[in-house]
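Student: Whatever this is, show me its structure:
(one chain, ligands or ions: 1)
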Amino acid sequence: MPPTLETATASWNLVEPEFSLDHFPEPNLFESIMREARYAKDNAYAPYSEFAVGAALILGGRIYRGANVENASYGATMCAERTALFNGISDGERKLSLIAVTTSAEAPSPLESRSPCGLCRQVMSEFATANALVLLDNGDVNGRLTGDIIPFKTLFPFQFRLEKE
Ligand code: THU
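Tutor: Now for the predicted structure:
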C-alpha cells in the first residue's frame, strides 16, 4: 500500500513518502485549499476544450484562486494555475507554499491528466518555496475527498533560473 495521509474527510496519496510535511502541521488545510480550487473551477471559461480547471494557492500566507480562460485564438488561452498565481503576484505577494489543482478529468485518473502543464511549472518555479507542495484532486470516494500530494521539487526538478551577478 502506498503511504497516505488520512483525515476524517479526505485521503491523500503521498507521491514522495520521504518528504517531510512538517511545514504543514494542519492536514485539514489541504482539503480546504482543494475546496477553494473546486470553487474556482466553476468559473472556468473552456468552451473549446470543455476541460475546466480550477486552482487555488497560498501565496505569502493569502489564498488566491484562478480558472482556465480559453480564447477563440487558442494560443491566447491562460491556464488556471497561472491565472491564480498572477492574481497573487500582482497583489504584491511572492512566496508560493501550496497549490491545489482540480480538473474535469473523470476521477480516478492518472496523474498525467491532472498535473500542471510545463509552462505553469516553470512559472510556479519562479516563486515556489523549497518545501512547496502541489495537491492534485482525484475526486470523491465514499464522501471523502481524494488526491495526491507532490512536492513541487519532485514535479519540476532542475528548473531554469537566470543567475544574476
Ligand atoms: N489547462 C490548465 O488550465 N492548466 C494546465 O496545467 C493544463 C491545461 C487548461 C488549458 C486549456 O484551457 C485546457 O486546460 C485544455 O488544455
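Student: Contact partners for the closest residue in space to residue 34 that isn't next to it in sequence?
Tutor: Excluding its sequence neighbours, the residue lying closest to residue 34 (C-beta to C-beta, 6 or more residues apart in numbering) is residue 100, at 4.4 Å. C-beta: built from backbone N, CA, C; applies to glycine. By C-beta atoms under 8 Å, 6 or more residues apart in numbering, residue 100 lies in contact with 30, 33-34, 36-37, 55-57, 134-137, 147.
Student: where do the strands sit along this structure?
Tutor: Counting by DSSP state E, the chain has these strands, from start to end: 4-6, 10-14, 53-59, 62-67, 96-103, 128-141, 144-151.
Student: Now render these as CSV, adding mean pLDDT and distance to the ligand.
Tutor: CSV is the format used below for these (pLDDT from 0 to 100; distance: least, C-beta to the nearest ligand atom, whole Å):
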stretch, mean pLDDT, distance to the ligand
strand 4-6, 97, 23
strand 10-14, 98, 19
strand 53-59, 98, 3
strand 62-67, 98, 8
strand 96-103, 98, 7
strand 128-141, 98, 10
strand 144-151, 98, 13
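Student: which residue is nearest the centroid of this structure?
Tutor: Nearest to the mean C-alpha position of the chain, counting by C-alpha atoms, centre = their mean, stands residue 100 at 3.0 Å.
Student: circling back: hey, what's the residue nearest to residue 34 bridged with?
Tutor: residue 56, residue 135 (DSSP bridges).
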